[in-house]
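In: Coordinates for the following, if possible.
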Amino acid sequence: QVQPAESGGGVVQAGDSLTLSCSVSGGTFVGDDMVAWYRQAPGKEREVIGTITWDAGSRNYADSMRGRFTIYRNYHENRAWLHMNGLEPKDTAIYYCNIQRESVEYWGQGTQVTVSS
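Out: Numbers count the residues shown, from 1 in each chain. Prediction:
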């Protein structure tokens, strides 16, 4: 069982930056893993922010997310990260880490990010 674990959420001010972390609870990332970050705002559908391949570190972003969001991973720390700049109230959401391994998707519990104006 692969259990993603997110951390780093909280309440921030508009314009602040914040970095979220994703690890594998009780385990590790493996070479073919695809890590994705999603978010779900109140009353809205879950939307993808972007993805990164664990082995090669290749990244892709949703068009609407380019510019303020950066996804990266650290082999030695065994973590993937989502760095967010210039946060706005509209970024208030639950942020989820998703790990795709051998065609199966695993979801974390999510971490709440609240941006106050």
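In: the strands in this protein, which residues?
Out: Assigned by DSSP state E, the strands in the chain fall at 4-7, 10-13, 18-24, 34-40, 47-53, 59-61, 69-74, 79-84, 93-101, 104-107, 111-116.
In: Next up, the contacts around the residue nearest to D91 when sequence neighbours are not counted.
Out: Leaving aside its sequence neighbours, D91 sits nearest to V115 (CB to CB, 6 or more residues apart in numbering; 5.1 Å). Heads up, the C-betas are built off the backbone N, CA and C, glycines and all. Residues counted as contacts of V115 (CB atoms under 8 Å, 6 or more residues apart in numbering) are 11-14, 16, 87-92.
In: still on that earlier bit, next, format the strands of the chain as a markdown table and append mean pLDDT.
Out: Converted to a markdown table, these look like this (pLDDT from 0 to 100):
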| stretch | mean pLDDT |
| --- | --- |
| strand 4-7 | 98 |
| strand 10-13 | 98 |
| strand 18-24 | 98 |
| strand 34-40 | 98 |
| strand 47-53 | 98 |
| strand 59-61 | 97 |
| strand 69-74 | 96 |
| strand 79-84 | 98 |
| strand 93-101 | 98 |
| strand 104-107 | 97 |
| strand 111-116 | 98 |
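In: Farthest-apart pair in the contacts of V115, please.
Out: Within the contacts of V115, V11 and K90 form the most distant pair, 15.2 Å apart (CB to CB).
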